[in-house]
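# sharing a sequence plus its predicted fold:
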Amino acid sequence: MGDAPGVDSEVRALRTVLLHRPGDELKRLTPRNNAQLLFDGLPWVDRAQEEHDRFAEVLRGRGIEVLLLTDLLTETLAVSGAARVQGVAAAVNSRRLGHVLADALAAYLRAIPAADLARVLTAGMTFDELPVAPDNASLVRIMHHDADFVIDPLPNLLFTRDSSFWIGPRVAITSLAMPARSRETSLTDLIYAFHPRFLGVRRAYESHTAPVEGGDVLLLAPGVVAVGVGERTTPAGAEALARSLFDDGLAHTVLVVPIAQSRATMHLDTVCTMVDVDAVVMYAAIQDTLSAFTLECTGDEVRIDGPAPFVVAAAAAMQIDVLRVIDTGLDRVTAEREQWDDGNNTLALAPGVVVAYERNVETNGRLEAAGIEVVRIAGSELGSGRGGPRCMSCPIARERI
Ligand SMILES: NC(=[NH2+])NCCC[C@H](N)C(=O)O
């Protein structure tokens, strides 16, 4: 067992983290479906796994407990019949399959070994893998191509940051905006509802009515949360999250940060992450324009101020004199290239110590010049899904203050 779960900072010593070692779901990507499945290319899967194993080793080497989503999911499905029923129900879509095929498939899946079910729930299933309905007995089977999906794969599970996040002692199951990712939360939901390790853990943002993705949520300081609003998290999502955090006493101030609605800046953590208790690395092109609305809980009321410059609003909310922005000082083209390759998407292991992709040579050099220790990992294949070390990790326990 690791530390008691709970996270109230972006940067305090990381103790336990959830990763997902990419598996067969990446082998489903083809030039025809990769864009819809939110990948910019077709990763070489063996190499992506090697890179990911190395990432996990680096963390373990620093005494951090690494939990893998597939292990937790398999254990959950092994111990809980209710988890099986729920996981299968979320994956088997009767609108696509019709009731006859859907019912037969669901019954089949509920009975297979936990590890096999975990594979189907993550890697999906194609019509030629369909274990039920002989070829000549189902019109649905006959009319689909072999390679069509009976159950869609979830290649973006790799980015565990987005499908759940911890705030204080609670976990929030998010509400993912893109259809290609929406089923991911059915798996994080199962793990946190039924895995013995998490029994008794309470939920944050339980209504999860409107889209909120973990990549948009930054825990600037205890009680102070920044939420990006752009391609993924919506204004309604940010407002609902803020109100729910206030109601549960999990935050007193929420900064809502508008970001461009584009793929390059899909989450707040693609342009800004914390590297120390009072410092962020930020994409230079937005440094002067990033702004924030400040939502504050004052008794029963929610007060909205702003917009004001993000760094000013953040420092005020964090009660520090200045939030240092580490100037990556790059020329526009290099900055744009390294932003695209997740140079700003660092994972803090402790104040002033971050994991970053090695390829972002200039950004990393600037971080080091500013006194930040940069632990470099390879990401040539992992990066094709457009996510860096922060996206690929969900901290479950950090040192609490
Ligand atoms: N927190 C993040 N920046 N996550 C990156 C997610 C990348 C993923 N391919 C997507 O489009 O959703």
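That came through, no problem. Residues are numbered from 1 along each chain as shown.
# please tell me how far Tyr100 sits from Val140.
In this structure residue 100 is Val, not Tyr. 8 Å (Cβ to Cβ, to the nearest Å). All C-beta atoms are positioned from the backbone trio N, CA, C, and that covers glycine.
# apologies, that question was intended for Asn93.
Using Cβ to Cβ, Asn93 is found at 11 Å from Val140.
# closest approach to the ligand from the chain, which residue is it?
Gly215 (2.3 Å; Cβ to the nearest ligand atom).
# ok but that residue is inside a helix, no?
Yes: Gly215: assigned to a helix according to DSSP: H, G, I helix; E, B strand; the rest coil.
# quick one: buried residues of stretch 247-255?
Applying a neighbour-count criterion of 16 or more other Cβ atoms under 10 Å, one finds 248, 250-255 buried in stretch 247-255.
# C-alpha coordinates for that stretch, PDB please?
What follows is stretch 247-255, C-alpha atoms only, in PDB (Å, rounded to 0.1, in the frame of the first residue of the first chain):
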ATOM      1  CA  ASP A 247     -20.000  23.200  -2.100                       C
ATOM      2  CA  ASP A 248     -17.700  20.400  -1.000                       C
ATOM      3  CA  GLY A 249     -15.200  22.700   0.600                       C
ATOM      4  CA  LEU A 250     -12.500  21.500  -1.800                       C
ATOM      5  CA  ALA A 251     -11.600  24.900  -3.100                       C
ATOM      6  CA  HIS A 252     -12.100  28.600  -2.200                       C
ATOM      7  CA  THR A 253     -11.000  30.100  -5.500                       C
ATOM      8  CA  VAL A 254     -11.300  28.800  -9.100                       C
ATOM      9  CA  LEU A 255      -9.600  30.600 -12.000                       C
END
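# contacts for it, please.
Stretch 247-255 is contacted by residues 167-168, 170, 204, 220, 223-227, 238, 241-242, 245-246, 292-297, 310, 313-314, 317 when judged by Cβ atoms under 8 Å, 6 or more residues apart in numbering.
# near the ligand too, which of those?
The subset of the contacts of stretch 247-255 lying close to the ligand, counting by Cβ under 6 Å from any ligand atom, is empty.
# those residues in helices, which ones?
Judged by DSSP state H, the contacts of stretch 247-255 include 238, 241-242, 245-246, 310, 313-314, 317 as members of helices.
# what is the nearest of these to Val353?
Lowest distance from Val353 to the ones in helices among the contacts of stretch 247-255 (Cβ to Cβ) belongs to Ala314, with 20.9 Å.
# skipping adjacent residues, who's closest to the closest one in space?
Excluding the flanking residues, the one nearest Ala314 by Cβ to Cβ, 6 or more residues apart in numbering is Leu323, at 4.8 Å.
# burial measure for that neighbour, as a count.
For Leu323, the neighbour count with other Cβ atoms under 10 Å is 23.
# quick one: contacts for it?
278-280, 311, 314-315.
# so what secondary structure elements neighbour the lowest-mean-pLDDT helix or strand in the chain?
Least confident helix or strand, the chain: helix 332-340 with a mean of 88, by mean pLDDT, DSSP states H and E. Packing partners of helix 332-340 (3 or more Cβ pairs under 8 Å, 6 or more residues apart in numbering; DSSP states H and E): helix 361-369.
# assign Gly98 to helix, strand or coil.
Going by three-state DSSP: Gly98 is helix.
# I am finished for the moment; much appreciated.
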